[in-house]
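> Below are the sequence and a predicted model for it; my questions follow.
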Amino acid sequence: MARCIFHIDLDAFFVSVEQVLNPELKGKPVIVGGDPERRGVVASASYEARPFGIHAGMPSSKARRLCPQAIFIQAHFSLYREASAKFMDILADFSPDIEPLGLDEAYLDVTGCVEPYGSPRQLARAIKERINKELKLTASVGIGTCKVVAKIASALCKPDGLLEIAPGEERALLNPLPIAKLPGVGEKTEQVLKEMRITTIGELASLPLDTITKRFGAMGAVLHNYANGIDDREVETPGEAKSISQQLTFTRDTLNHNFLEANLHNLCQEVCQELRSQNKRAKCIAIRLRYTDFKTTTRQVTLQEASDVTQVIFTTAQQLLSKTLAEPKKPIRLIGIRVSSLVGEEKQLSMFDSRTRKPAHLDKAIDKIRNKYGPTAIITGNGIFPESS
Ligand code: TTP
Ligand code: MG
């Protein structure tokens, strides 16, 4: 099933909070920011101030020149933090998969939460309504199959907007947009792209991949994917990890079992090293495969006993992989592993059991070398793989 990701961003956040407290400010050009007399800068501008060319980051003195009737207000950060916390609480009521970005925006993965509302759009309306009712603020919601598309969509429909990009419509939306609208393209990158005669997202999307990687390295490949509406990043809930995961997108889709297994082993090794460094063990192991058509399958299993031993977790993941690959075959673009149901490190008897003692010692030795010399310093036999095919 394709993912359903929301990007939600409050409109003119600092200004809107001020307008809730002082309704006389509504409908007027209002600026929250530093003093125009003291080299302050604009933090937030109401939509009434924007037609004058005022935007965040601009010197307040310039903003005042552009719009002398604008009302300037000093920032009250504790008010914004309070409103932000309430905003995030509302979002968390709709999906547990929430990734806040700063104070006034967040990604939500709502893939499994849409059904009771009928459609993603209806769910987005419900979220907007609650924000409006409880905080008296407006939010704009972008809906897409990945983060980058959702984020661009919310920016395009501001203020108080709702824009859904259906699966398959990504390129049509992105192609005509100026390259600066692509997340990850800052002023410097924009300048270099301009020198390469690339001014729209569509032009970047249709460029051969090596042209862009030669110029920008690995970041170029990421931007090229974004420009094509491809973004495999998960919505990551911060805080104490409830799960640890790693995933890998291949440069070419593959069906080669050995290649997949070898990569899975490397991912398991990384996840288990992280587990051990947090003194945790995992009870639940899941693998995820994303196919060439972006459909995603997850399979998971619960261990009888929690483990942090790479060999134990890899063997389990390997069995899940074999089961999944027995199904009708479609080339695979991404493989991932996630371990969850984490428990703390009360050393159990089984750690000293002769069956697991050896792998645990091996893991310790490998962790030491990898911590010192980096993740590629040592690769065990399972992780050495042939060329993808
Ligand atoms: P934004 O979401 O970028 O801006 P906004 O909410 O004011 O307006 P929009 O409707 O376009 O989303 O940033 C959120 C808040 O972060 C903003 O209200 C003030 C603060 N901020 C700064 O302090 N400095 C800045 O340069 C920016 C961009 C934002
Ligand atoms: Mg905002």
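It's in. Numbering: from 1, shown residues only. Ligands and ions are numbered 1, 2, ... in the order given.
> Could you use CA atoms for every contact and neighbour count after this?
Noted.
> Next up, phi/psi of the closest residue in space to P167 that isn't next to it in sequence, please.
Of all residues not flanking P167 in the chain, T145 sits nearest, at 6.3 Å (C-alpha to C-alpha, 6 or more residues apart in numbering). When read as degrees, to the nearest 10, the backbone of T145 gives phi -90, psi 0.
> Now do the same for T145: its pLDDT.
Looking at T145, its pLDDT is 96.
> again, but for the one 5 residues further on
Here the pLDDT value assigned to A150 is 98.
> For whatever helix or strand it lives in, which outside residues touch it?
Using DSSP states H and E, the element containing A150 is helix 147-156. For helix 147-156, contacts defined as C-alpha atoms under 8 Å, 6 or more residues apart in numbering pick out 5-9, 107, 140-144, 161-165, 170, 181-183, 226, 229-231, 233-235.
> Is the residue nearest to P167 in contact with H7, as I believe?
No. With contacts counted by C-alpha atoms under 8 Å, T145 stays clear of H7, the gap being 10.8 Å.
> Settle it for me: which of those two has more neighbours?
Between T145 and H7, counting by other C-alpha atoms under 10 Å, H7 is the more crowded of the two (30 against 25).
> got the phi/psi numbers for the more buried one?
phi -120, psi 120.
> What separation do you get for it and ligand 1?
Distance, H7 to ligand 1, using C-alpha to the nearest ligand atom, to the nearest Å: 11 Å.
> list the contacts for that residue?
105-108, 141-143, 147, 150-151, 154 are the contacts of H7 under C-alpha under 8 Å, 6+ apart.
> Setting aside sequence neighbours, what's the nearest residue to it?
Y107 (4.6 Å).
> Confirm that neighbour sits in a strand?
Yes. Looking at Y107 with DSSP: H, G, I helix; E, B strand; the rest coil, it is inside a strand.
> All the strands of the chain, residue numbers only.
Taking DSSP state E as the criterion, the chain carries its strands at 5-10, 30-33, 42-45, 71-73, 98-101, 105-109, 139-144, 162-164, 243-254, 281-291, 296-307, 332-343.
> For the stretch 251-389 of the chain, give me the ranges with low pLDDT.
345-358, 375-389 (pLDDT under 70).
> one more time with 50, if that's ok
346-355, 387-389 (pLDDT under 50).
> hey, where'd the helices end up in it?
Here the stretch 251-389 of the chain has its helices, by DSSP state H, counting those that start in this stretch, at 257-277, 310-325, 354-373.
> buried sites along the longest one?
Residues 258-276 are the ones in helix 257-277 that count as buried (16 or more other C-alpha atoms under 10 Å).
> What parts of the stretch 151-300 of the chain come near ligand 1?
P159 (C-alpha under 6 Å from any ligand atom).
> before we move on, the earlier item: tell me who's in contact with the residue nearest to P167.
T145 neighbours (C-alpha under 8 Å, 6+ apart): 2-5, 165-167.
> same question, F13
Counting by C-alpha under 8 Å, 6+ apart, F13 touches 44, 80, 104.
> Among those residues, which one sits closest to ligand 2?
Set against ligand 2, the nearest of these by C-alpha to the ion is D104 (5.6 Å).
> okay but the closest one is in contact with E82, surely?
No. Counting by C-alpha under 8 Å, D104 stays clear of E82, with 11.1 Å between them.
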